[in-house]
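K.L.:
below: sequence and its predicted model.
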Amino acid sequence: MRTKFPLNQSQLLHTKHLSALQKSTPSGHSLSFFSSSSSPTGSGFSLSPDITAIYKRYTEGRNPSKLVLFSLNYPGSVFVPCLLCPSNKALLIAENLTLSFILRQIDVAWDAQNLNLHANIVQHVGSKLIQQEGDCTPVLRHFFNIRSYEFCPLFILRQKFNFTYSFWTSGNKTVNRDTIGSINFNSILSNGKLDQILQKNYGLYGVNFAKFEFSVVTVFPAVANNFAIFLLPFDTTTWILLVVSCITISSLVQISVSASGFSYSIVLKKYITNALFKVTAMLLGQSEKGDGTKIFAKRRVALIVSTVWSFGCYILMENLYQGAMFSFLAVPEFPKVPRTMEELMSSKLPVLTTSSFRFYSAAMNGSRRTVTTDSTLKGIIIPQLMVAASPAYRRLLDSLDKRIVFVIHIGTSVEDIIRNISNSKPLRKNFETSEPFVIMNAADDLGYFTEPIRFLGKRLVIDGRSGEVGFRTATVMSGYRNFVFPRFYSTHMRLVESGLVETWQHLVRSSDRLKEMRKYGNETFKKFYTQINSDVTIQPEFDEFVLVSLEALKYAFALCGAILWVGVVSFVVERRAIIVKIFKRVKAISGNFLTRRVKGFGKWLKICVSND
């Protein structure tokens, strides 16, 4: 491999043994050869300033290989420069041994010279929460002061390679120009990020996939305490069929069969009282005479419907309807909410999301950057799914996209959002939380909201299942592809393969959530701490069975009272003559009784007066 530098032809080395050395370079060794006709100065281990000025720019080159130097004045020697040393020193290696040994020796010498980055700056693009010091021992208590997933991998790299890392701040939007490389953890692979990787010579340390999950926030189960409880056991279609059945059966009652054939007559009063009312009472299980054939008397039509009646009256109504009504009265009704991603897309529930991505645009040493913050769902996932979606699926995605409300919790703490949700208060006056709604975030972000809401105990959180719908994003760890990239990459891969990176991420998430839980009181903190250490999921508490309350039955009592009042009025109207006679008789009896009592009291009073 040969790297292009701004040199003229007289500075290039034209010897045949270089091609032989390049061809024999073992797999895994990458060397860049540079030659000059000038001689090393002094003791032979220092380079002239003109050569130093050229190779010092090697950190900016798009080349991860190792740079070694030759000189025409020393054809049997190889010079390994120290690219980041403050002085222009180089290491001389004699060529008096075998070629393979020389390559190994060059490899070792180059690492010794250049893997110490001498506290030069490696730019970290992204979170500014990374502190400079911390303890990455995988124990939970050590992570209460660590605020970012990226700290421990970056800390290990810094310890091994002796560099200083800095991060770009969105306030002044400037980047340190004195950088020797850059590294970026967990950037979402958007179109802009992909273009940046391809154009800016970034290499990938790894690719991960973040899956999006959802949870429904709703009210706790409660028994129905309204008149609708008497309608809930059946849906609308079933009730319509029952009404049709009542009318049909009542009409069949009016059919008479004789030797001369069928006859049909209907009198509205008899139809309502003798047929429709009785059939309805039997269907609703409110009649002692449950045998449907009795209402047909001796009519032959009873034989036609008796078989169907046993199913309709006994099985359907007396078992299903009455049993379901008791269940609705005594057992809290669990909310009907979407449980799968397919059901969520077909529902009309509003969706809250906070998962976001930031796109930073600039070269590694650019003086200014621009940043864009957008919803991951609305800005990346849904647009990508719509590209290859069928028309029907595209309509579902479009409906979901319109229902998504993106809340940036910059300037608004997660605690404030959670407290508003728990207390059913709106978020920023544009998202109502008193009604059931959905929180849809990346799986790691979702728990930051759902777990505190669960532990506060005021709202019920039901976790959904994503199923086969692919709501996920690719996140990449990337860095500038120069001579330090291969060593950074190999070190980071060993951390990943050992499981340390995953362990650190779990500990950071746990410590972050514990710190959030502490804000909601000691009781909540202790419960969550117990759950983390015991790996036990604490289920929400609510009564699975309650006594039937008067609140629910008051509608039945009101209905019975109304019917009783109608009955009393009807009785008075029909029996008014008898009632008048009864009242006259009572009046006469009570009048005679009062008259006798008054006379008796007068006699007693006279006796008392005479005695005095």
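P.N.:
Alright, I've got the coordinates.

K.L.:
what about the closest residue to Thr376 other than its chain neighbours, how many neighbours?
P.N.:
Using CB to CB, 6 or more residues apart in numbering and skipping the chain neighbours, the partner closest in space to Thr376 is Ser355 (4.5 Å). (Glycine included, C-beta is placed from N, CA and C.) If you count neighbours by other CB atoms under 10 Å, Ser355 ends up with 21.

K.L.:
which residues are in contact with Ser355?
P.N.:
Phe212, Ser375, Thr376, Leu377, Asn441, Ala442, Asp445 (CB atoms under 8 Å, 6 or more residues apart in numbering).

K.L.:
so where do the strands sit in the stretch 51-200 of the chain?
P.N.:
66-71, 74-81, 90-94, 121-124, 164-167, 179-188 (DSSP state E, counting those that start in this stretch).

K.L.:
looking at these, which is nearest to Ile240?
P.N.:
strand 179-188 (51.1 Å; CB to CB).

K.L.:
what packs against that closest one?
P.N.:
The criterion is 3 or more CB pairs under 8 Å, 6 or more residues apart in numbering; DSSP states H and E, and the helices and strands that strand 179-188 contacts are strand 121-124, helix 151-161, strand 202-218, strand 356-361, strand 472-480, helix 485-497.

K.L.:
recalculate using a threshold of 6 Å.
P.N.:
Judged by 3 or more CB pairs under 6 Å, 6 or more residues apart in numbering; DSSP states H and E, the packing partners of strand 179-188 are strand 121-124, strand 472-480.

K.L.:
among those strands, which is nearest Pro335?
P.N.:
With CB to CB as the measure, strand 472-480 is the member of those nearest Pro335 (27.4 Å).

K.L.:
ok, so of the contacts of Ser355, who is nearest Ile462?
P.N.:
Of the contacts of Ser355, the one sitting nearest to Ile462 (CB to CB) turns out to be Asn441, at 15.2 Å.

K.L.:
who does the closest one bridge with?
P.N.:
Glu213 (DSSP bridges).

K.L.:
Phe483: what's it in contact with?
P.N.:
Pro64 (CB atoms under 6 Å, 6 or more residues apart in numbering).

K.L.:
what helix or strand is it located in?
P.N.:
Under the criterion of DSSP states H and E, Phe483 resides outside all helices and strands.

K.L.:
one more: Thr238?
P.N.:
Thr238 belongs to helix 236-253, assigned by DSSP H and E.

K.L.:
for that helix, packing partners?
P.N.:
Helix 236-253 packs on helix 277-283, going by 3+ CB pairs under 6 Å, 6+ apart.

K.L.:
one more pass at 8 Å, please.
P.N.:
Partner elements for helix 236-253 (3+ CB pairs under 8 Å, 6+ apart): helix 277-283, helix 302-309.

K.L.:
by mean pLDDT, point me to the weakest helix or strand of the chain.
P.N.:
helix 17-23 (a mean of 36; mean pLDDT, DSSP states H and E).

K.L.:
just to revisit the earlier point, pLDDT and distance to Arg57 added to the contacts of Ser355, as TSV?
P.N.:
Supplementary listing: those in TSV, determined by pLDDT from 0 to 100; distance: CB to CB, whole Å:
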residue	pLDDT	distance to Arg57
Phe212	90	44
Ser375	87	41
Thr376	88	38
Leu377	89	43
Asn441	91	44
Ala442	88	40
Asp445	84	42
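
K.L.:
closest to Thr340 among these?
P.N.:
Among these, and counting by CB to CB, the member closest to Thr340 is Phe212, at 13.4 Å.

K.L.:
backbone dihedrals for the residue nearest to Thr376, please?
P.N.:
Ser355 adopts backbone torsions of phi -60, psi 130, taken as degrees, to the nearest 10.

K.L.:
show me the contacts for Tyr489.
P.N.:
Residues near Tyr489 by CB under 8 Å, 6+ apart: Gly203, Tyr205.

K.L.:
domain-wise, how is the protein divided?
P.N.:
9-114, 115-223+334-543, 227-330, 550-611 (automatic domain parsing).

K.L.:
same question for the last one, mean pLDDT?
P.N.:
Confidence for domain 550-611, expressed as mean pLDDT, is 68.

K.L.:
distance of Asp195 relative to Leu189?
P.N.:
In this view, Asp195 and Leu189 are 11 Å apart by CB to CB, to the nearest Å.

K.L.:
comparing the two, which residue is more hemmed in?
P.N.:
More neighbours surround Leu189 than the other of Asp195 and Leu189, with 19 against 11 (other CB under 10 Å).

K.L.:
for the more buried one, give me the pLDDT.
P.N.:
In this prediction, Leu189 has a pLDDT value of 80.

K.L.:
give me phi/psi at Trp565?
P.N.:
Torsion angles, degrees, to the nearest 10, at Trp565: phi -60, psi -40.

K.L.:
ok, it - contacts?
P.N.:
Per CB under 8 Å, 6+ apart, neighbours of Trp565: none.

K.L.:
returning to that earlier point: mean pLDDT lowest where, among the helices and strands packed on helix 236-253?
P.N.:
For those, where the average pLDDT is lowest is helix 302-309, sitting at a mean of 57.

K.L.:
in a helix, Phe220, correct?
P.N.:
No: Phe220 is assigned coil when assessed by DSSP: H, G, I helix; E, B strand; the rest coil, not a helix.

K.L.:
quick one: it and Ile462 touch, right?
P.N.:
No: applying CB atoms under 8 Å as the test, Phe220 and Ile462 come out as separate, 10.8 Å apart.

K.L.:
what touches both of these two?
P.N.:
Joint contacts of Phe220 and Ile462 (CB under 8 Å, 6+ apart) do not exist.

K.L.:
of the two, which one has the most company?
P.N.:
Ile462 (18 against 15).

K.L.:
and that one, helix, strand or coil?
P.N.:
Taking three-state DSSP, the label given to Ile462 is strand.

K.L.:
and Asp444, how far from Thr475?
P.N.:
Asp444 is 10 Å from Thr475, by CB to CB.

K.L.:
Ile146 too?
P.N.:
Ile146 is 20 Å from Thr475, by CB to CB.

K.L.:
and these two? Which one has more around it.
P.N.:
More crowded of Ile146 and Thr475, by other CB under 10 Å: Ile146, with 23 against 18.

K.L.:
quick one: the nearest residue to that one once chain neighbours are set aside from Val219, how far?
P.N.:
Using CB to CB, 6+ apart and skipping residues adjacent in sequence, the residue nearest Ile146 is Gly134, 5.0 Å away. As judged by CB to CB, Gly134 and Val219 stand 42 Å apart.

K.L.:
the two: which is more packed in?
P.N.:
The residue with more neighbours, out of Gly134 and Val219, is Gly134; 16 against 13, by other CB under 10 Å.

K.L.:
that one reaches Phe151, doesn't it?
P.N.:
Yes: with contact defined as CB under 8 Å, Gly134 counts as touching Phe151 (5.8 Å).

K.L.:
so where's the stretch 401-550 of the chain uncertain?
P.N.:
Low-confidence segments of the stretch 401-550 of the chain (pLDDT under 70): 409-412, 429, 467-470, 535-550.

K.L.:
how about 90 then?
P.N.:
Within the stretch 401-550 of the chain, the segments meeting pLDDT under 90 span 406-435, 442-460, 462-487, 505-550.

K.L.:
for it, which segments count as strands?
P.N.:
Remark: strands assigned in the stretch 401-550 of the chain by DSSP E, counting those that start in this stretch are 404-406, 437-442, 460-463, 472-480.

K.L.:
angle of the second one against strand 202-218?
P.N.:
What that stands for is strand 437-442. 160 degrees (axes from the mean of the first three to the mean of the last three CA atoms, to 10 degrees).

K.L.:
just the CA trace of strand 437-442, in PDB.
P.N.:
Written as PDB, here are the backbone C-alpha positions of strand 437-442 (Å, rounded to 0.1, in the frame of the first residue of the first chain):
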ATOM      1  CA  PHE A 437     -52.800   6.300  25.500                       C
ATOM      2  CA  VAL A 438     -49.700   4.500  24.300                       C
ATOM      3  CA  ILE A 439     -46.000   5.100  25.000                       C
ATOM      4  CA  MET A 440     -43.900   3.800  22.200                       C
ATOM      5  CA  ASN A 441     -40.100   4.100  22.500                       C
ATOM      6  CA  ALA A 442     -36.900   2.100  22.000                       C
END
